[in-house]
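Enquirer: have a look; sequence and predicted model below, questions after that.
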Amino acid sequence: MTKIWGSVEEHLLHPHVWVRLASSRLLGLLFAAWKPEELVTNFLEGKTSRSYLQQDLPAKVTKLCEVICRQFRSQLLNSELGEQMIKNLVFLAKTLQILSSEGSPIAENNRDRHASNENLTSKEGLLTLKDLLRKLNKEATLEDSLATRQTQKRNCVLRLVSAVAINLGRDGVEPFLTDILKPIHRELEVPSSFKDPDLKTLAQEALDLIKGLAKRDAVSQAYAILQKATIKTRETRRKKKALEAVADPLMAARKKVKKNQAKEVSRKRKLDRLRPERRLKAPRMQNA
């Protein structure tokens, strides 16, 4: 069976989306047969068997999280695959949270890396729940910056952080509030050229859910940290832009012209969408 599940894992990144979906659903069936608490308890007590999941559990969970995060980057992502990815990641996130508690290999690994000032996302390190949330936030931010009108990844991330918050519960959610609130804050507070109303509604529902789970003071403090970081980033960009204008005025002028041209094209495209009859009008005759 271990070889079969290893083959299923390999097909999670198959070029065809239906193969990815079938592999993800099979993985979901495997997760449904286990409870994260039982899985981790057996591992910590040394009651491991030769089953696929129980062979070096922290490394296996880390690898599966990395593979599913790679699925997020694919253009093959659709609603069905996204739904199954969320279910699988909720199970893995819960397992990571339990493994990251005191006395587990991941906790020891993280203390060693803190002591040696290594990056928590180093290639050889074991993944933590914070690492997973940050990876997914990165994918959502990338979609927002490169394809504003596509919302599939951000929709998945918002639903995932809501599910993770519910699993963590009132006592466990507070240490992860900043990472959980980050995609929600971006959709509600960070300005963008396009804001999907359904996505904004989902973000508001997620925020209301988290406010009901955690202490209001803790949520407000985490939200204020994110707001302060956003303001600092804007200020840094503004200063950098001003310095570039002084250092290279010609390049700054070219960028300004290019930006204005893009705005004009965007304005005309919006008018064409709102008033299709504009395209049907014949061009005016030029006087000789």
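Expert: Happy to help now that I have it. Model, not experiment: these values are computed from the prediction. Residues are numbered from 1 along each chain as shown.
Enquirer: please count neighbours and contacts with C-alpha atoms only from this point.
Expert: OK.
Enquirer: residues contacting the residue sitting nearest the centre point of the chain?
Expert: In the chain, the centroid-proximal residue (CA atoms, centre = their mean) is residue 136; its distance is 2.3 Å. With contact set as CA atoms under 8 Å, 6 or more residues apart in numbering, residue 136 has these partners: 69, 157.
Enquirer: report pLDDT for it.
Expert: As predicted, residue 136 sits at a pLDDT of 92.
Enquirer: and the chain, what are its domain boundaries?
Expert: For the chain, the structural domains run 1-125, 128-260, going by automatic domain parsing.
Enquirer: so which of those domains is nearest residue 273?
Expert: domain 128-260 (14.6 Å; CA to CA).
Enquirer: first-to-last residue distance for that closest one?
Expert: Start and end residues of domain 128-260 are separated by 44 Å (CA to CA, to the nearest Å).
Enquirer: skipping adjacent residues, who's closest to residue 76 in space?
Expert: Closest residue to residue 76 apart from its sequence neighbours, by CA to CA, 6 or more residues apart in numbering: residue 17 at 5.9 Å.
Enquirer: repeat that for residue 90.
Expert: The nearest residue in space to residue 90 (CA to CA, 6+ apart) is residue 164, at 6.2 Å.
Enquirer: so which of the domains of the chain gets nearest residue 268?
Expert: Nearest of these (CA to CA): domain 128-260, 12.4 Å.
Enquirer: quick one, grab the pLDDT at residue 158.
Expert: Per the predicted model, pLDDT is 94 at residue 158.
Enquirer: against residue 175, how distant is it?
Expert: Residue 158 is 18 Å from residue 175, where distance means CA to CA.
Enquirer: more neighbours: these two, which one.
Expert: Shown here are residue 158 and residue 175; by other CA atoms under 10 Å, residue 158 has more neighbours (27 against 13).
Enquirer: which helix or which strand is home to that one?
Expert: helix 152-172 (DSSP states H and E).
Enquirer: next: residue 242.
Expert: Short version, using DSSP H and E: residue 242 is in helix 216-247.
Enquirer: and the helix or strand following that helix with helix 216-247, angle?
Expert: Using DSSP H and E, the helix or strand that follows helix 216-247 in sequence is helix 249-274. On the basis of axes from the mean of the first three to the mean of the last three CA atoms, to 10 degrees, helix 249-274 is oriented at 120 degrees to helix 216-247.
Enquirer: what mean pLDDT does helix 249-274 get?
Expert: 82.
Enquirer: and the next helix or strand past the lowest-mean-pLDDT helix or strand in the chain?
Expert: Of all helical and strand segments in the chain, the minimum by mean pLDDT, DSSP states H and E falls on helix 105-115, at a mean of 52. Per DSSP H and E, the first helix or strand lying C-terminal to helix 105-115 is helix 129-146.
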